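Peer 1: Got a sequence here, can you build the structure:
(one chain, ligands or ions: 5)
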Amino acid sequence: MLEKYLNFIRCVSMKWQGKLGVILATSSFITMILLEFFRLIGALTNAYIGLVTYLALPLLFVIGLILVTLGWYSRRKETGKSTEELLAMQCRAQDVKGGLSGSRVFKTVLVFSLVNVIFLSSVSLRMFSFMDEAEFCGTACHSVMNPEWVTYKQSPHARVDCVECHVGEGTGALISSKMNGIWQMVSVTFDLLERPIPTPVTQLRPARETCEKCHWPEKFYGNSLRSIVSYDLDSGSTAKYTTLNMKVDAERATWKAGIHWHVAEENEVHYAFADDERTEIIWAEAKQPDGSFRRYNNSQLIEAEAIDSRSMDCVDCHNRATHIYEDPSKAIDSRIRIGLLSRELPFLKREALAAISAGYADRKSAMDGIANHMHHFYRTSYPELALAKMMAIDSAVTTLQAIYNRNIHHNMKIEWGSYPSHIGHTNETNGCFRCHNVYFKDDENESIGYDCTLCHSILAEEQDQPFKFLLVPDTLDPNYQMHKYLQQEFINS
Ligand code: HEC
Ligand code: HEC
Ligand code: HEC
Ligand code: HEC
Ligand code: HEC
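Peer 2: Numbers count the residues shown, from 1 in each chain. Ligands and ions are numbered 1, 2, ... in the order given. You can find the predicted model right below:
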């Protein structure tokens with residue numbers, strides 16, 4: 001068998017190109033098989049290995065085959081002989097008898113070509129499915145995609161592949177995503193990428209075609225309770241409770257609609273914006289039952305020029321559905337709540353916040369800075385406690401460093417607040433208040449609703465009790481009327 005193969009190789013490899021080609025093709029083929037074998041038995045797990053196995057090696061393999069052909073042509077040109085004559089010169093007589101197309105060599109070439117075609121197509125298929133794995137998308141361009149990967153791994157979508165949201169179904173989507181992927185590889189290699197990666201993503205597949213595979217508007221009904229606990233900057237890091245009953249439904253009988261009204265089957269909201277971030281909204285219009293559109297103009301931006309307009313979808317609100325970057329204060333609140341940070345340490349919230357939000361030049365100095373800040377504070381202000389609670393302080397340092405590493409990415413220029421979320425209305429972004437505010441008025445001078453109970457019932461707002469407004473109100477309380485109103489509103493909603 002080997003003898004036959006060697007004879008064949010000797011026969012077809014002309015000149016140095018041909019020899020090099022044979023070496024390339026054979027060795028890349030064998031390496032590919034070996035690497036795939038090791039991957040299958042679980043000995044190789046690195047995301048880069050796929051790039052070598054399914055991209056680099058097949059490429060070398062093809063180059064090898066091309067070189068063999070080149071060798072032939074150049075030899076033919078050089079000697080002026082025909083293919084048949086060359087074969088007769090190069091190969092054993094029994095391999096070339098029967099003319100060019102009847103010879104054993106020809107048959108072998110035919111079989112090899114067929115095997116090559118099958119082999120290369122299955123490798124390409126494998127390459128496509130490999131490139132669709134979240135592991136690849138998130139780690140192959142490590143430094144660039146690391147922030148997205150880190151935030152994704154800790155999100156509710158950590159088990160959903162990147163391509164489910166970023167590519168979606170259909171051949172068109174597949175092709176355009178692969179073209180885009182090639183461009184991304186080029187821009188990573190030559191460092192042409194903008195840092196941080198700009199958002200919103202303009203070529204994102206319409207969210208309704210991707211998100212709705214798993215969540216669809218009719219599925220949203222009733223209310224959804226949000227309990228938010230925040231901690232004061234005082235010595236005990238006192239807890240304050242905010243409880244909202246979110247009106248998440250798309251339709252409701254007693255009322256016009258809830259939050260997912262924008263994406264309900266029969267509704268459509270369009271808006272025009274003046275900036276790339278889509279935060280300066282010039283007008284917003286909603287489809288009416290008769291098919292016409294009711295437009296609300298932003299009286300603050302009458303003069304502004306629209307750069308584009310779009311139909312509102314999931315991502316206009318859920319822009320941080322999976323790459324969730326935290327607000328420093330909320331990040332600390334959530335770690336206190338799950339017990340990773342101990343409120344037995346005096347001024348924990350205040351000091352933790354100061355430690356993680358100080359500006360640091362790079363990751364290394366941030367890690368040292370956070371540790372120094374916490375140790376220094378307790379050692380100087382509470383020397384006895386610093387000794388007694390050494391463990392709690394150490395674990396606070398580890399937790400704070402982890403918060404920092406999740407949210408701040410120096411190499412991609414991602415700082416606190418680089419990627420604000422549009423859900424709600426925080427200090428970072430107006431979120432819903434981009435449209436729901438006093439300045440958006442239609443021709444009849446009616447504005448888009450912005451009542452505090454339009455989107456949520458407020459059951460407590462930074463109170464000492466999580467359901468404060470549902471408790472029996474105290475008639476002497478200066479907020480008695482509001483208290484009563486909110487209670488009634490909740491009962492009616
Ligand atoms: C649940 C859906 C979903 C999944 C899964 C997902 N993404 Fe995203 N991704 C989004 C949305 C939504 C945006 C923001 C789009 C916008 O604001 O226009 C986004 C934005 C991005 C951005 C631009 C930067 C930014 O944060 O706005 C990059 C890069 C990115 N994703 C990469 C990835 C990678 C890599 C993976 C897999 C490890 C992944 N995504 C998985 C939905 C998803
Ligand atoms: C392949 C299925 C799938 C796709 C596609 C998908 N999601 Fe999800 N989504 C899930 C799962 C699973 C959960 C987690 C449910 C849970 O934890 O209860 C989830 C949770 C959520 C949540 C609730 C998060 C929370 O904190 O509880 C939101 C909001 C959400 N998805 C929005 C989106 C948006 C926006 C898109 C499109 C960009 C999207 N999803 C695409 C499966 C998907
Ligand atoms: C107008 C803004 C807006 C649009 C558009 C929107 N959502 Fe939401 N969605 C919200 C808000 C606000 C919540 C409540 C979030 C919270 O309190 O955490 C929510 C909650 C959710 C939840 C969690 C449901 C629950 O009961 O807690 C899912 C899942 C979700 N949205 C998916 C989607 C999908 C998929 C789309 C597109 C078809 C979409 N949303 C469109 C604003 C929006
Ligand atoms: C791009 C502009 C825009 C943004 C951003 C926006 N909305 Fe709206 N929203 C509208 C328009 C327009 C209407 C329809 C108003 C009308 O004609 O009654 C509407 C209607 C609603 C309604 C139904 C009101 C009613 O009268 O029944 C709710 C609830 C709502 N929005 C909640 C939200 C929430 C929550 C967010 C943020 C997560 C949000 N919206 C973000 C434009 C927007
Ligand atoms: C257009 C819809 C809308 C209107 C109008 C609205 N909110 Fe909200 N609000 C939201 C959404 C969405 C969130 C985010 C809930 C979450 O974080 O899960 C939110 C969050 C909040 C929070 C919690 C903030 C936090 O995370 O600590 C408070 C408090 C609040 N709203 C109070 C108000 C008050 C007071 C008003 C009236 C001035 C108001 N809201 C009007 C949609 C609205």
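
Peer 1: quick one: the strands in the stretch 251-400 of the chain?
Peer 2: Using DSSP state E, counting those that start in this stretch, the strands of the stretch 251-400 of the chain run over 269-273, 281-287, 293-298, 308-311.

Peer 1: ditto for the stretch 101-250 of the chain
Peer 2: 224-231, 239-246.

Peer 1: got the residues of the stretch 251-400 of the chain near ligand 3?
Peer 2: Proximity of the stretch 251-400 of the chain to ligand 3, by C-beta under 6 Å from any ligand atom, involves residues 259, 260, 262, 263, 312, 313, 314, 316, 317, 318. (Each C-beta comes from the backbone N, C-alpha and C, glycine too.)

Peer 1: pretty sure the last one is touching residue 324, no?
Peer 2: Yep, that's residue 318 we're talking about. No: here residue 318 does not reach residue 324: they are 10.2 Å apart, not a contact under C-beta atoms under 8 Å.

Peer 1: quick one, what contacts the residue positioned nearest the centre of the chain?
Peer 2: With distances taken as C-alpha atoms, centre = their mean, the residue of the chain nearest its centroid is residue 148 (4.7 Å). With contact set as C-beta atoms under 8 Å, 6 or more residues apart in numbering, residue 148 has these partners: 138, 197, 323.

Peer 1: try 7 Å
Peer 2: 138, 323 (C-beta atoms under 7 Å, 6 or more residues apart in numbering).

Peer 1: Could you measure from it over to ligand 5?
Peer 2: Applying C-beta to the nearest ligand atom, to the nearest Å, the value for residue 148 to ligand 5 is 22 Å.

Peer 1: Repeat that for residue 59.
Peer 2: Distance from residue 59 to ligand 5, by C-beta to the nearest ligand atom: 48 Å.

Peer 1: separation between that residue and ligand 4?
Peer 2: Distance from residue 59 to ligand 4, counting by C-beta to the nearest ligand atom: 47 Å.

Peer 1: and what of residue 419?
Peer 2: Taking C-beta to the nearest ligand atom, one finds residue 419 at 16 Å from ligand 4.

Peer 1: how deep is that residue tucked in, by neighbour count?
Peer 2: Using other C-beta atoms under 10 Å, residue 419 has 21 other residues around it.

Peer 1: That one contacts residue 325, correct?
Peer 2: Yes: judged on C-beta atoms under 7 Å, residue 419 makes contact with residue 325 at a distance of 4.8 Å.

Peer 1: Mutual contacts of these two, please.
Peer 2: Common neighbours of residue 419 and residue 325, counting by C-beta under 7 Å, 6+ apart, are absent.

Peer 1: Can you convert the strands of the stretch 251-400 of the chain into CSV and add a column each for distance to residue 15 and mean neighbour count?
Peer 2: Formatted as CSV, those follow (distance: least, C-beta to C-beta, whole Å; neighbours: other C-beta atoms under 10 Å):
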stretch, distance to residue 15, mean neighbour count
strand 269-273, 63, 20
strand 281-287, 67, 20
strand 293-298, 72, 17
strand 308-311, 58, 14
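
Peer 1: Tell me which of those lies nearest to ligand 1.
Peer 2: For ligand 1, the closest of the strands of the stretch 251-400 of the chain is strand 308-311, at 10.4 Å, according to C-beta to the nearest ligand atom.

Peer 1: What pairs with that closest one, parallel or antiparallel?
Peer 2: Paired strands of strand 308-311, with direction, are strand 269-273 (antiparallel) (DSSP bridges).

Peer 1: The partner strand near ligand 4 anywhere?
Peer 2: Yes: Strand 269-273 is in contact with ligand 4 by C-beta under 6 Å from any ligand atom, via 269, 271.

Peer 1: Other residues contacting that strand?
Peer 2: By C-beta under 7 Å, 6+ apart, strand 269-273 touches 262, 280-286, 306-312, 435.

Peer 1: Between those residues, which sits nearest ligand 4?
Peer 2: residue 435 (2.9 Å).

Peer 1: contacting residues for the closest one?
Peer 2: 271, 281, 284, 448.

Peer 1: CSV for those residues, including pLDDT?
Peer 2: What follows is those, written out as CSV (pLDDT from 0 to 100):
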residue, pLDDT
271, 97
281, 96
284, 97
448, 92
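
Peer 1: The strands of the stretch 101-250 of the chain: which one's closest to ligand 1?
Peer 2: strand 224-231 (18.3 Å).

Peer 1: what comes up buried for that closest one?
Peer 2: Buried residues in strand 224-231, counted by 16 or more other C-beta atoms under 10 Å: 228, 230, 231.

Peer 1: same question, stretch 343-356
Peer 2: Using 16+ other C-beta under 10 Å as the test for burial, stretch 343-356 gives 343, 345-356.

Peer 1: same deal with stretch 372-381?
Peer 2: Neighbour-count burial for stretch 372-381 [16+ other C-beta under 10 Å]: 373, 374, 375, 377, 378.
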